[in-house]
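[1] Predicted model and sequence follow; I will ask about them next.
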Amino acid sequence: MKKTLLILLLLKASLAMAAFTVSDAQWANLALDPYTTTGGAAGSGTLNGVVDIAGDPGTDIQLTIDPTEGVPPNNYGWTTVYTGVGGIAGDVWNVELKNEASTPFQVQPVAWIDGWGFVQSGIYSDPIEQGVCTNLSWDLSSATSIEAVGLLVIANASDGLSPTVRIISPGLTVWNGALYKDGMPYRGLGVNYVDLFLSMIETPADPGSDFRTLEGLRFLGEQGVPFARFMACGYWPVNWNIYFDDKAEWFRRMDLVVDAAEEAGVGLIPSFFWRYETYPNLMDEYMEAWGDPASQTRQFMSNYVHEVVGRYKDSPAIWGWEFCNEINLYCDLPNWDLWITPENEWAGVTGKVTQVDIRNKMTFAIAESAFNGFAQEVRKLDAHRFITTGNSFARHTSWNNAVNNSWDTDTYSEAMTAFGWMAPVSAIDMASFHVYLDQVSGSYAGALGRVAILNRYREFCDLQNQAMFIGEFSHYFINSGFVPGTAAERANEEALVQEVMNCGADLAAYWVFDYAYGMSQDETGIAHPTNDYRWIVDLVLEYDAKMRGETPRSPAGVPLGWFDSHAIAPAGSATWGETEVLDPNSNGMPTWEDYYAGTHPVNPGPVFAITDFQLLPDGTPSLSWWGGTNGLMTPYIIQANTNLTNTADWQTVGSKTREEGTNIWLDTGPETTPQRSFRILAQPE
């Protein structure tokens, strides 16, 4: 969050004061990305639809309307955005519009429904001026089928008109192996908030609307963390009791999660079937049921996917969809019988899944069938958001486990084949990996060591034209022995996240934030707003910015590199928010104000303040203040006000290029008002 530092002087009085304001403008996009786009013409206007690649996120459709062919409403053209024959009734079609021409225009959504019947929405945008973006939304829930949706562009043009209609997918989309958000290539770093929903369904009775994890989600939004991966399900069979007893209450609570994420601006990656053993257990089937499309397990999967995706596919908070957690680690193990879940009556773990029976051996073939079935159901409802598996690290013996029932290390070609089982291109456009130091340390597909293995993952993703999601990573949870907040542990954690960034991962999520399910908040590696690991949130924010080539900043908007240049860093378990409010040079200003003012944050020196005001002999106001060039270099802004009781009356009257030491500004002429106040602003970039 960037801030504005100012100092104020009341003319013809001795009052001088300092004040601080916050500028935090945000822009949100809503829209839909087509898989096929065409241009057409209607009425007496003409239109050319120019599409670089059909379905390419961020497609710009250039519309040209002939201005000589009449006046509105006759001067129009249209373009069709096909959503697929037999589209799902109940869709809400959202489109972002931008005018890059000089002539205003209006747009009306139209549709072809119920056997290609043409329907006009009756919804018109306001006139869209040059450079303006707007969004239109049309609820098509009354349609029984949706063949296509389109845009009717209406203009009163006296010269050529070339508006740009940019059609963007909801959530995050993978196109040609690259990840897109709001129509632009995207990379991001977030967190795992595993029990975000789980903690809300453990208690059958409603504990009220103020759930702990909702506050945690709001905290993430306030800090600027972009997304959270979470368990959109129960863990043990017993955790599904509310779903079976009171489905409306189950989804009321999930609604609270999605609504809170929308309000907080935090993206969500829901994992549908986290503990994959739970679902054959609930249906009293063996694990092999995951590979049988006719099984009750698969039917349950289909039903739940339709309930969740159908309910939340129009939410801007949903980024993508994940199947389960780490199923690949249990596929084709030669010692599979040692991994059968024992009975646990309290958790509801009973029945067939607890038996040492070959039908409970998980295989890559079963998992691949489940991946395909999951993706097919998701795509019936959402053609755009990415789909991922939730898999952990790629085991270096996967192919030999499956083919030879051995623990021999896979060759490059064998590992590539097994990679295809883990992330079948028929279903998955975002491959998933989890990275912990004790797991990704040996050799894999001819690559030795963690850095080389991460690069091999990226290489295999590229060969399969898939994006790359490191769904979990951490230096913790391996009994490393490091103490939280120490310089050594910070260095190790930063080294790992640097490797994650360097390997080219599109998304990565730290393990773990505010996880209280069977653990304490002081457990090793659990970042919480009030414990010794809260600095992890800073690390996430820093590398989230770096992944997109942006400048990492403190909460007040100060570049972290500026702190580094003055050897200022958080001590122990401190965060950047706690560090930037310290006053190491004892000048009465917190460090972040030194940056905005341009004063030195460590060396003793004057405070950013007005030092002199006088009227020159000709009556011209002369204003002096102490400033500097050791930080922000935007010009100082001088503002004036004739009524201090009305803060809206401040007017900019001049600017001054920064100088080290005393800065002087002269007004353009003699003072003519009975009383004026002045203030100096040090504004962000």
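    Arrived safely, thanks for sending. Worth saying up front: this structure is predicted, and the values here are computed from it rather than measured.
[2] Any stretches of this structure with poor pLDDT?
    Residues of the chain that meet the criterion pLDDT under 70 lie in 1-103, 131, 133, 146-151, 153-170, 183, 204-210, 438, 476-485, 517-525.
[3] Need the residue closest to the centroid of it.
    In the chain, the centroid-proximal residue (C-alpha atoms, centre = their mean) is residue 226; its distance is 3.7 Å.
[4] and that residue, backbone torsions?
    For residue 226, the backbone dihedrals (degrees, to the nearest 10) come out as phi -80, psi -30.
[5] hang on, isn't it packed against residue 191?
    No - using C-beta atoms under 8 Å, residue 226 is not in contact with residue 191; the gap is 9.3 Å. Quick note: C-beta positions are derived from backbone N, CA and C, even for glycine.
[6] Which elements pack onto the strand or helix carrying residue 311?
    Taking DSSP states H and E as the criterion, residue 311 maps to helix 296-312. For helix 296-312, the contact count by 3 or more C-beta pairs under 8 Å, 6 or more residues apart in numbering; DSSP states H and E identifies helix 247-264, strand 267-273, helix 278-282, helix 364-379 as packing neighbours.
[7] In a markdown table, list the ones you listed along with mean neighbour count.
    Compiled in a markdown table, the helices and strands packed on helix 296-312 are given as follows (neighbours: other C-beta atoms under 10 Å):
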| stretch | mean neighbour count |
| --- | --- |
| helix 247-264 | 17 |
| strand 267-273 | 25 |
| helix 278-282 | 24 |
| helix 364-379 | 21 |
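[8] Between these, which one is closest to residue 643.
    Nearest to residue 643 among the helices and strands packed on helix 296-312 is helix 247-264 (36.5 Å), distances taken as C-beta to C-beta.
[9] Distance from that closest one to the middle of the chain?
    Centroid displacement of helix 247-264 relative to its chain, using C-alpha atoms, centre = their mean, to the nearest Å, is 18 Å.
[10] just checking, what packs against it?
    helix 195-201, helix 212-223, helix 241-245, strand 267-273, helix 296-312.
[11] Mean neighbour count, the ones you listed: which tops it?
    Sort the helices and strands packed on helix 247-264 by mean neighbour count, taking mean count of other C-beta atoms under 10 Å, and strand 267-273 sits at the top with a mean of 25.
[12] In a markdown table, list the helices and strands packed on helix 296-312 along with distance to residue 508.
    Formatted as a markdown table, these follow (distance: least, C-beta to C-beta, whole Å):
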| stretch | distance to residue 508 |
| --- | --- |
| helix 247-264 | 19 |
| strand 267-273 | 11 |
| helix 278-282 | 26 |
| helix 364-379 | 21 |
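[13] quick revisit: the helix or strand following the helix holding residue 311 packs against which elements?
    Next along the chain after helix 296-312, taking DSSP H and E as the criterion, comes strand 320-324. Packing partners of strand 320-324 (3+ C-beta pairs under 8 Å, 6+ apart): strand 267-273, helix 364-379, strand 386-388.
[14] Quick one: list the elements packing against the first one.
    Just to be clear, that refers to strand 267-273. Using 3+ C-beta pairs under 8 Å, 6+ apart: strand 267-273 touches strand 227-231, helix 247-264, helix 296-312, strand 320-324.
[15] Quick check: buried residues in the last one?
    Put plainly, it is strand 320-324. 320, 321, 322, 323, 324 (16 or more other C-beta atoms under 10 Å).
[16] The closest residue to the first one other than its chain neighbours: what's it in contact with?
    In space, residue 320 comes closest to residue 386 once its chain neighbours are excluded; the distance is 4.0 Å by C-beta to C-beta, 6 or more residues apart in numbering. Contacts for residue 386 were tallied using C-beta atoms under 8 Å, 6 or more residues apart in numbering; they are 171, 172, 173, 174, 179, 319, 320, 321, 429, 430, 467, 469.
[17] do residue 280 as well
    286, 287, 289, 290, 297, 352, 353.
[18] Please name the nearest non-neighbouring residue to the fifth one.
    By that I understand residue 297. Nearest to residue 297 is residue 289, by C-beta to C-beta, 6+ apart, at 3.9 Å.
[19] Then the second one?
    Nearest residue to residue 287, sequence neighbours excluded (C-beta to C-beta, 6+ apart): residue 360, at 4.5 Å.
[20] count of residues packed around that neighbour?
    22 (other C-beta atoms under 10 Å).
[21] Tell me which residues touch it, please.
    Neighbours of residue 360 in contact, by C-beta under 8 Å, 6+ apart: 286, 287, 288, 336, 340, 352, 353.
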